[in-house]
Every structure is written in structure tokens, then in C-alpha cells.
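J.: everything below, folded, please.
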Amino acid sequence: MVHMRSLLDRFIQAVCCGLFIVMVVAASWQVISRYALNSPSTISEAFLRFSLVWLSMIAIAYVAGRREHVSLTLLTDRLSGIWKATLDMSIEILFIAFAGLVMIYGGAQAASNTMSQIYPMLEIPKGFLYLSLPASGSIIVTYCLMNCLDLFHACHLSRSQ
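T.: As a prediction, the model looks like this:
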């Protein structure tokens, strides 16, 4: 499981870093074309908007899956043992339910409904923008399932000792 998590982490990090580098290049081109060439590039602006959505969604999935998101720990800090493990497992299950229903199912519906609409500047279907929802939802579900297995193994090990 550790190897699979490490591979997923590295893949997502590479995608996010690559996308960020491409965005920096596109933003630099936008500035150069606007001020040096006096002919602003409309494609780079639309691409940056599109890329920012994808980068944000993938980064959110990464952070949520690694359990490094902002959370209220008032209750979990006071619990220990089986109660803490149960609450942590419940939170993971809620994340899976949200990601599955809202992000994967809802995002797939939104993408499907907007595939016939064209993103004007990039001349691609708007559905590609909404595909970031099921993609990031799938990453969240994958991480949460790994987190559930880790929690289960940690709880099982603490019981046997």
C-alpha cells in the first residue's frame, strides 16, 4: 500500500508541477505579448483560466487524500483508541460519499451536459473543464480507500498488542 501511495503521490506531484510550469510560461507569454508586442494573446488568458481549475482540483484531491486539509480537530484531539479510529474512519467514508456522489457522479453529469458547448477562445468543449471534477473525485476516493485500509490496519495492530 505504501508503494502504491508513493506512486500516486509522485504522479500527482509531477502533473501539478508540470501544469504549473506550463501556466507560468503561458502567463509570461501573456505579459510579453501584451506589453512588448502590443498584441494581447486571448488564448493564453483562456488557457490559464482552464488550467487553474484543473490544477486547483487536482491539488485539492491530493491534499484531501493525504489528510492535510484544514479540519476542526477539537473532537478528534480529545479521543483516543477505538473512538478516534471510528471517527477517523467515518470521516473517510463521508469523504468517499461526497467525492462519489457530488464530484464523480455530478461532475460526470455536468461534463456530459456541456460537451456540446464550445469554450470560445480555446475552441474545445466546455465539458473538458468539468471533467476536472470526476478526475479529482476519483483521486480522493482512491486516497480515502487507502486511508481506510491504513486506519483499519493500525486499529487491528493496536488491538493485538
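
J.: where does this protein dip in pLDDT?
T.: 70-77, 156-161 (pLDDT under 70).

J.: tell me where it has strands.
T.: For the chain, applying DSSP state E gives strands covering 118-119, 124-125.

J.: what strands line up against the first one, and which way round?
T.: Using DSSP bridges, the neighbouring strands of strand 118-119 in the sheet come out as strand 124-125 (antiparallel).

J.: residues making contact with the strand it pairs with?
T.: The contact list for strand 124-125 (CB atoms under 8 Å, 6 or more residues apart in numbering) reads 114-119. All C-beta atoms are positioned from the backbone trio N, CA, C, and that covers glycine.

J.: ok, back up a step: got CSV for the strands of the chain, with mean neighbour count too?
T.: Below are the strands of the chain laid out as CSV (neighbours: other CB atoms under 10 Å):
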stretch, mean neighbour count
strand 118-119, 15
strand 124-125, 15
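
J.: dump those strands into JSON lines; add distance to L48 as well.
T.: JSON lines is the format used below for the strands of the chain (distance: least, CB to CB, whole Å):
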{"stretch": "strand 118-119", "distance to L48": "13"}
{"stretch": "strand 124-125", "distance to L48": "15"}
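
J.: out of those strands, nearest to Q13?
T.: Closest approach to Q13 among those (CB to CB): strand 124-125, 25.8 Å.
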